[in-house]
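Visitor: have a look; sequence and predicted model below, questions after that.
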Amino acid sequence: MSITSENEKPQREKLNESRVWQVYARRKYDEPLHEIGNVMADDVELAKVYARSIYDEFGWIEMVLVPRETIVTVIAS
Amino acid sequence: MGTRIDHVALFAIFSSLADNKQAIGRRYAYWCNGAPALEAAVAAAAMAQDEIGHARTLYPLLDDFTQAGADPRQVDPQTRTLYYHLAFLDEDFRGWSDFVATNFLLDTALTTFFESAQRSTYEPLRQRARKIVQEERIHQMHGEGWVRRLARAGGAVRAALTASLYRLWDETLCWFGPNDDPTMQQLYREDIINALPDELRSRYLHKIMPTLVGLEIEVPVSFNAGTKSWDPAQPLPWQNWNSTGRRFQEATP
């Protein structure tokens, strides 16, 4: 990326995404939401854009994002 | 081919819209493998596809007009030699910040035009306008999201963003034309669009200014508290404006 020159690495690191969103979706009303993947984005609106553009293989009727850090482990694998 | 319609204004505006959509799509496509993150690269690819798709639905309309007869090569993007896209798009983007500026400023300006044509008396435009406006919602979210990302990163990243925004700023505002622009005047008189250039510019600024104000990015506009509208704070550089191409003679350096 040519956003900067001499301090390229530090500047680029500023744009590294750190927040992971689990993506859930379903194709039919009579099926539950299921996990289809994840996206990384610090901005929630960008996370929505990314989820829609990456997981566009089906005509989903519902898609939601869940921030990974909010998931509570009950039984660890 | 049916009977052609003699309509200078529609032919002119479709030429400009199609060329800009085509040029945006091609510039976006270049960044499909150069975006700062994999997710952004996939989004760039999807948006490039959308923009080129919009151009492909607009170019065929040119052939419906008498004006196409003057030079039939100009109605096909494969043979077209006129380029009525913004001068900013003449060259490759200098960096990701140019991508973001184009997405946030220019694409949103074109969408503002299409929004004004959703009840157009010219059916082919009305149909396309509704679909394009729907598809552009996600582009706008992407543009706003990346303006926030780059601005909040601070330092050289923020500086690169503001430089890109400033280079594109005047030419984007000028795209709507001066308020007495004959093309826009004719489209407005015939209810093909529902606003004149000054009103379109104001609607456009109303869409983009909340993001810029929130990030303290200063641009030459002023807020009119009486009308609750944003207007350019200084005269636009019409001396550099080419009304035929709806573009600057030369890009802002």
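Guide: Good, I have the coordinates.

Visitor: low-confidence ranges, chain B, go.
Guide: Within chain B, the ranges that satisfy pLDDT under 70 run B:1-2.

Visitor: ranges for the strands of it?
Guide: B:221-224, B:229-232, B:241-242, B:247-248 (DSSP state E).

Visitor: and those, which is most packed in?
Guide: strand B:247-248 (a mean of 22; mean count of other CB atoms under 10 Å in any protein chain shown). All C-beta spots, glycine's among them, are computed from the backbone N, C-alpha and C.

Visitor: that older thread, out of the strands of chain B, which is closest to B:V8?
Guide: Nearest of the strands of chain B to B:V8, taken as CB to CB: strand B:241-242 at 16.0 Å.

Visitor: partner strands of that closest one, parallel or antiparallel?
Guide: strand B:247-248 (antiparallel) (DSSP bridges).

Visitor: now do the strand it pairs with: distance to the chain's middle.
Guide: 12 Å (CA atoms, centre = their mean, to the nearest Å).

Visitor: equivalent analysis for stretch B:25-33, please.
Guide: Put simply, stretch B:25-33 sits 16 Å off its chain's centre (CA atoms, centre = their mean).

Visitor: run through who's touching it.
Guide: Contacting residues not belonging to stretch B:25-33 are listed as B:41, B:44-45, B:47-55, B:89, B:92-93, B:96, B:98-99, B:102-103 [CB atoms under 8 Å, 6 or more residues apart in numbering or on different chains].

Visitor: the residues you listed: which ones sit near chain A?
Guide: B:A45, B:M47, B:W96 (CB under 8 Å from any CB of the partner chain).

Visitor: for burial, what's the neighbour tally of B:G226?
Guide: Residues lying near B:G226 (other CB atoms under 10 Å in any protein chain shown) number 6.

Visitor: quick one on the thing from earlier: out of the ones next to chain A among the contacts of stretch B:25-33, who's nearest B:L187?
Guide: For those, the nearest to B:L187 is B:M47 (26.7 Å; CB to CB).

Visitor: ok, the closest one touching B:R137?
Guide: No - under the criterion of CB atoms under 8 Å, B:M47 makes no contact with B:R137, lying 11.9 Å away.

Visitor: scan the chain for its longest helix.
Guide: Since you didn't name a chain, this refers to chain A. Ordering each helix of chain A by length in residues (DSSP state H) puts helix A:44-54 first.

Visitor: that's the other chain; I wanted chain B
Guide: The helix that spans the most residues within chain B, counting by DSSP H, is helix B:123-153.

Visitor: on that earlier part again, B:M47 and B:R137: which is more packed in?
Guide: Shown here are B:M47 and B:R137; by other CB under 10 Å, B:M47 has more neighbours (27 against 11).

Visitor: ok, back up a step: redo the strands of chain B as JSON lines? Include distance to B:R119.
Guide: Shown next, in JSON lines, are the strands of chain B (distance: least, CB to CB, whole Å):
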{"stretch": "strand B:221-224", "distance to B:R119": "27"}
{"stretch": "strand B:229-232", "distance to B:R119": "22"}
{"stretch": "strand B:241-242", "distance to B:R119": "28"}
{"stretch": "strand B:247-248", "distance to B:R119": "28"}
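
Visitor: quick one: contacts for A:E45?
Guide: B:M141, B:E144, B:G145 are the contacts of A:E45 under CB under 8 Å, 6+ apart.

Visitor: tell me the one of the ones next to chain A among the contacts of stretch B:25-33 nearest B:V157?
Guide: The closest of these, once distances to B:V157 are taken by CB to CB, is B:W96, at 9.3 Å.

Visitor: could you measure from B:P182 over to chain A?
Guide: As for B:P182, its distance to chain A is 38 Å (criterion: CB to the nearest CB, to the nearest Å).

Visitor: residues from the stretch 101-250 of chain B in reach of chain A?
Guide: Contact residues, the stretch 101-250 of chain B versus chain A (CB under 8 Å from any CB): B:138, B:141-142, B:144-146, B:148-150, B:153-157, B:160.

Visitor: emit the PyMOL select command for whichever of these are buried.
Guide: Of those, the buried ones can be selected in PyMOL as follows, counting by 16 or more other CB atoms under 10 Å in any protein chain shown:
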select buried, chain B and resi 138+141+142+144+145+146+148+149+150+153+156+157+160
